[in-house]
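A.B. asks: Pasting the sequence and the predicted model now:
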Amino acid sequence: MIDRDRAAPPGSPASDEDDRAEVIADAAELRERRADDVIRRKQEDRVRSAIQTELSKDDEAEPRPRPEDPGPLEGAIIELERVHLAFDRPILEEVSFAAFPGETIVIVGESGTGKSTLLKLILRLLQPDSGRVYVNGQDIAGLSFTEALDVRQQMGMVFQSAALFDSMTVFENIAYPLREHTDLNEDEIEARVREKLEFVDLVPDEVVEKLPAELSGGMKKRVGIARGMANNAEIMLYDEPTSGLDPLTTSTITRLIMKLQRELNVTSVVVSHDIRSSFRMATHIALLADRTIRFFGTPEEMAGSDDRYIRDFLGGF
Amino acid sequence: MPPLLDRLNDAAKRKVHSLQDYFILAWNALRFIFARPFYGGDLVQQMDAIGVQSLGIVLLTGFFTGMVLALQSAVQLQTFGASMYMGRLVSASMIRELGPVLAGLMVAGRVGSGIAAQLGSMKVTEQIDALNTLGTDPIKKLVTPRVLAALIMLPVLTIINDCVGIVGGNLIAQFYLDVPTSLYWRTVWEQIASDGFIFRFVPNDFVQGLTKPFVFGGVISVTACYFGLSTSGGTEGVGISTTRTVVTSSILILVLDYFLTQILLSVLVAP
């Protein structure tokens, strides 16, 4: 299965037969995800509480003391270096990995292991207790929350629930970062919004005036991706992009993430429970277990691993 | 330390921490009024939601409160042959106390709950996180316009509440006590003038009657935003935040009303 998926060159659309074959297996995964959702929600509440604390901190607070600095890895666009983070218990310990331009890193692991927390560290929504987080060579772990607003503009984030602003239309949602942070006039903004909607395979005239509540789950995810890339972000972060979607829509979103990498050379970090999609889209997979990166390598290396935990994690896949 | 004391200690720490977060939120909301970018469109939208859309409920409350106040007082005033003082009684009660407090309670119930539910829903559906990732400070974008709109609109609603309350009293005075309208309004003005003026032309009653809603507006909006942004636990959490907002705001309004009255009386009616 892995060989077949990886054999498809990144760019060629998977055939309809492949998609149908995936339906049955993916339906079983969907059922498992519901139980995972309960565990994940508790974890998210802890993370949000920590973000709230960060928000209330003085922006002028001095950066936390750090160990000696070996500097960022040359050429890496995102790098986490020996990151530690704890809330009421340790969440991450000695977490290190790097992503280079155009790569798609998929972070997998059991529920509650801190996968989404890693994305929040990269966005500097959270600050590590120790270690460094480099984005384009800049250590963002030491930035104040307000200074990090600028760094975040280089990144696009797609949330599990899409997180579209429900009081705004699709057009206003995608135009939001452009109106906030660019000097584009309304004509240019409209052109950009239409371009992004077409990129995510939506017909602009059919959706621009709709409110998020009028969209299906898959359409919301695609609008979320369009909003994330509105600023021509060179880094895209995805939190469970295929969660809660039917197998065919899951396949569509997976192909879209691959299209972004292929056509725009976007660097992506994807948190996912969906092993099948992960193996299709990843250039590298990071397995988070016991608070650290237990495995980091290509999908082929992971599939060929003799590690008992990895074999168990991949299960019947 | 025994487990019970440990738990009490933790609970006390959490309360103090919450109080600290509340005041930090209030400070940031006020600080951002003067910081770019200004979200003028959001401010106008919130002024409409908080002020214009609360007009109906405030008109009804004020009108019937004025009428029932006059009706209840009529019996006592007639006993002492003091019916002509109806205007004084209604205007003093409405302007100093009932207008601000009733407008505050109505807005806490209608608007405070709405703000908490809206921000709470945004929190649990990750829209607040989305604002952060899109490079927008959620306090500046969401909290400041709501706080500023409440600070502006609650005094306006209170003035309207006072006016319709006094008009309601006028109707009862005219049709129940046969007090002429001209006499009623003359006694209303006598009451306003009798408490003196500040800066020679601003009646003390107005200062008292408008300081309170200004404070109440801030308390309602900050409380609603605080509970809204602290929401966790999905849709159930949104319901809890909404209830907490209404209960806390209402209690704060009544408690603050007492202390504000004490302070304002000592400042404005000082010998």
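C.D. replies: Noted; the coordinates are in hand. Residues are numbered from 1 along each chain as shown, chains lettered A, B, ... in the order given.

A.B. asks: residues from the stretch 51-200 of chain A in reach of chain B?
C.D. replies: Listed as neighbours of chain B in the stretch 51-200 of chain A under the rule C-beta under 8 Å from any C-beta of the partner chain: A:51-52, A:55-56, A:123, A:125, A:146, A:149-150, A:152-153, A:155-157, A:159-161, A:163-166, A:176-177, A:180-181. Backbone N, C-alpha and C define where each C-beta goes, glycine included.

A.B. asks: one more time with 6 Å, if that's ok
C.D. replies: Within the stretch 51-200 of chain A, the positions near chain B by C-beta under 6 Å from any C-beta of the partner chain are A:56, A:123, A:125, A:149, A:152-153, A:157, A:159, A:161, A:163, A:165, A:177, A:180-181.

A.B. asks: Keep only those of those residues that are in helices.
C.D. replies: In helices, defined here by DSSP state H, the members of these are A:56, A:149, A:152, A:177, A:180-181.

A.B. asks: of these, closest to A:T113?
C.D. replies: A:R152 (24.2 Å; C-beta to C-beta).

A.B. asks: Isn't that closest one up against B:T136?
C.D. replies: No. Between A:R152 and B:T136 there is no contact under C-beta atoms under 6 Å: 9.4 Å.

A.B. asks: In contact with the closest residue to A:N231 other than its chain neighbours: list those residues for me.
C.D. replies: Among residues not flanking A:N231 along the chain, A:P177 sits closest, at 5.1 Å (C-beta to C-beta, 6 or more residues apart in numbering or on different chains). Residues near A:P177 by C-beta atoms under 6 Å, 6 or more residues apart in numbering or on different chains: A:230-231, B:134.

A.B. asks: any chance of the residues of the stretch 51-200 of chain A next to chain B in a markdown table, plus pLDDT and distance to B:Q46?
C.D. replies: Output for these, formatted as a markdown table (pLDDT from 0 to 100; distance: C-beta to C-beta, whole Å):
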| residue | pLDDT | distance to B:Q46 |
| --- | --- | --- |
| A:S56 | 53 | 23 |
| A:L123 | 90 | 28 |
| A:L125 | 86 | 26 |
| A:L149 | 78 | 23 |
| A:R152 | 85 | 26 |
| A:Q153 | 82 | 26 |
| A:M157 | 92 | 27 |
| A:F159 | 91 | 25 |
| A:S161 | 86 | 25 |
| A:A163 | 91 | 22 |
| A:F165 | 94 | 15 |
| A:P177 | 91 | 22 |
| A:E180 | 87 | 18 |
| A:H181 | 85 | 23 |
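
A.B. asks: so which of the residues you listed is the most crowded?
C.D. replies: Counting neighbours by other C-beta atoms under 10 Å in any protein chain shown, A:M157 leads those with 27 neighbours.

A.B. asks: Pairing partners for that one in the sheet, please.
C.D. replies: The residues listed as beta-bridge partners of A:M157 by DSSP bridges are A:L237.

A.B. asks: could you list every residue that touches it?
C.D. replies: Contact partners of A:M157, counting by C-beta under 6 Å, 6+ apart, are A:228, A:237, B:133.

A.B. asks: just to revisit the earlier point, in JSON lines: the ones in helices among the residues of the stretch 51-200 of chain A next to chain B, plus distance to B:C225.
C.D. replies: Supplementary listing: these in JSON lines, determined by distance: C-beta to C-beta, whole Å:
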{"residue": "A:S56", "distance to B:C225": "13"}
{"residue": "A:L149", "distance to B:C225": "20"}
{"residue": "A:R152", "distance to B:C225": "22"}
{"residue": "A:P177", "distance to B:C225": "23"}
{"residue": "A:E180", "distance to B:C225": "20"}
{"residue": "A:H181", "distance to B:C225": "24"}
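
A.B. asks: lowest-pLDDT helix or strand in the chain?
C.D. replies: Here I'm looking at chain A. Counting by mean pLDDT, DSSP states H and E, the weakest-scoring helix or strand in chain A turns out to be helix A:2-7, with a mean of 37.

A.B. asks: My question was about chain B, not that one.
C.D. replies: Sorting the helices and strands of chain B by mean pLDDT, DSSP H and E puts strand B:197-198 at the bottom, at a mean of 80.
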